[in-house]
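A.B. asks: Generate coordinates for the sequence data below:
(2 chains)
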There are 2 protein chains.
Amino acid sequence: MTRMTSTAPGQLVVTDRTRHRRLREQGSVNRSDLDAILAAGFICHLGVLLDGVPLVVPTVYGATADHLYLHGSVASRSLVKAPAQTVCVTVTHVDGLVLARSVFEHGINYRSACIYGIPRPISDPDELLQGLRVLTEQCAPGQWEYARQPTKRELAATRLLALDLTEASVKTRSGPPDDADSPDGSLKVWAGVLPIHRRWGDLEPDPALAAAIEPPPHLRSIANTTMP
Amino acid sequence: MTRMTSTAPGQLVVTDRTRHRRLREQGSVNRSDLDAILAAGFICHLGVLLDGVPLVVPTVYGATADHLYLHGSVASRSLVKAPAQTVCVTVTHVDGLVLARSVFEHGINYRSACIYGIPRPISDPDELLQGLRVLTEQCAPGQWEYARQPTKRELAATRLLALDLTEASVKTRSGPPDDADSPDGSLKVWAGVLPIHRRWGDLEPDPALAAAIEPPPHLRSIANTTMP
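C.D. replies: As a prediction, the model looks like this:
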């Protein structure tokens, strides 16, 4: 079902699933575009088949050069079922509204990646610890060394999956609407982009925290900054 | 497979799919919580089975009191296949990082809803127009009346689906980490929340726009405001 085509270095493998059919100008086969999208976030949506229905679960990820880590409780049904099937993991960043002269040409500026594969459950203790480190550092770099690391009991309660970053469909849109050169370009309608910005806010201490404990530099340095 | 239980007014129907199994304190069966999550955004992730694989597609939605509208090109494979199956549509808002004393207790503050159902394709011209109005107004209230509305030809190129808002799983987490009262509470580790804020930015006019065309009040009033 899935046909592979040969790829140049730095390019993603193109399959039946990842071939860009429509809006091809929004598609990318550059591995670097995939890496940039993954580096800019830490939440994905995992698609996994449960009792015949495609469940879509928001969850944290961590990315290395080779794969994506997902984790959760050992009791999580979606993580139990995922390694027996091809799943789809989608990472999406919504960058703005594209406000065209016509409703039909309205759209979204975005960056997204759909990654396909059969996830591998990680049972090796060293790789489990390494994967959890990647996941933690994806969310808040510095926290793995700063916070208390997992105990054996906590590791035993955690399921970790690894998904190869080989088969992926990357799509992006940026810039103004496309209808300036159409007959609609002469309409007296404002057109442009309304961007969306994501920012880290102020650090909010746990009310139960001892007053003497100050936030560490790696958290102070990302508070009140713009997210990529 | 899916057992229904009777529900009180204002409560969501609980089925095998939407019953909260773990972290029950994060689950809600209040219809008002679902409505609030849908009202706070306009992007969802549609899970649809294509060639045996659960594809996860980011797309725009519009919500009424009764259903969710999804739209796209008539050539979209995911929208062609969706009406023949039970799909899952997930809306997620990521509100912050929960920074606990231990890595294990780290988490995300979030609001999410998974809606299940067999989408109904809309062919009636009046409902098609009404659904597209709902979708447009969900993204940018005021744009439907302001921009050029769809032509018959554009309507014929658009596929619209409606999904009933009857079966949904709603989950939220907010507030500080949960480990203050555990043995970790005595660790000299900062704990709290790093919130994430989403904001609309400055309106960016299309460079091809005539200088005399000013942005309308409904766009000026949302620029530079915080998103819900």
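A.B. asks: Any buried residues in the lengthiest helix in chain A, and which?
C.D. replies: Assignment by DSSP state H gives helix A:125-139 as the longest helix of chain A. Residues A:128, A:129, A:130, A:131, A:132, A:133, A:134, A:135, A:136, A:138, A:139 are the ones in helix A:125-139 that count as buried (16 or more other Cβ atoms under 10 Å in any protein chain shown). C-betas here are computed from N, CA, C, even on glycine.
A.B. asks: How far off centre is that helix?
C.D. replies: Relative to the chain's own centre, helix A:125-139 is displaced by 16 Å; criterion: Cα atoms, centre = their mean, to the nearest Å.
A.B. asks: near chain B, anything from it?
C.D. replies: Yes - for helix A:125-139 and chain B, the contact criterion (Cβ under 8 Å from any Cβ of the partner chain) is met by A:132, A:136, A:139.
A.B. asks: Could I get the residues you listed in JSON lines, plus columns for pLDDT?
C.D. replies: JSON lines is the format used below for those (pLDDT from 0 to 100):
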{"residue": "A:132", "pLDDT": "98"}
{"residue": "A:136", "pLDDT": "98"}
{"residue": "A:139", "pLDDT": "95"}
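A.B. asks: neighbours of the nearest residue to residue A:106 once chain neighbours are set aside, just the number please.
C.D. replies: Closest residue to residue A:106 in three dimensions, ignoring its sequence neighbours and counting by Cβ to Cβ, 6 or more residues apart in numbering or on different chains: residue A:100, at 5.2 Å. Counted with other Cβ atoms under 10 Å in any protein chain shown, residues neighbouring residue A:100 total 25.
A.B. asks: for the most centrally placed residue in chain A, what are its contacts?
C.D. replies: Per Cα atoms, centre = their mean, the C-alpha nearest to the average position across chain A is that of residue A:91, at 3.0 Å. Shown in contact with residue A:91 (Cβ atoms under 8 Å, 6 or more residues apart in numbering or on different chains): A:37, A:38, A:41, A:43, A:44, A:45, A:61, A:112, A:113, A:115.
A.B. asks: Can you tell me which of those residues is nearest residue B:66?
C.D. replies: Nearest to residue B:66 out of the contacts of residue A:91 is residue A:45 (Cβ to Cβ; 24.7 Å).
A.B. asks: Could you give the bridge partners of the spatially closest residue to that closest one that is not a sequence neighbour?
C.D. replies: The shortest distance from residue A:45 to any non-neighbouring residue, by Cβ to Cβ, 6+ apart, is to residue B:45 (4.2 Å). Per DSSP bridges, the residues bridged to residue B:45 are residue B:58, residue B:90.
A.B. asks: wait, isn't residue B:45 in contact with residue B:54?
C.D. replies: No - assessed by Cβ atoms under 8 Å, residue B:45 is found out of contact with residue B:54, at 10.9 Å.
A.B. asks: Mutual contacts of those two, please.
C.D. replies: Joint contacts of residue B:45 and residue B:54 (Cβ under 8 Å, 6+ apart) are residue A:56.
A.B. asks: For chain A, which segments count as helices?
C.D. replies: A:31-39, A:77-81, A:125-139, A:143-146, A:152-156, A:217-220.
A.B. asks: just the angle between the first one and helix A:125-139, please?
C.D. replies: Between the axis of helix A:31-39 and that of helix A:125-139 there is an angle of 80 degrees, by axes from the mean of the first three to the mean of the last three Cα atoms, to 10 degrees.
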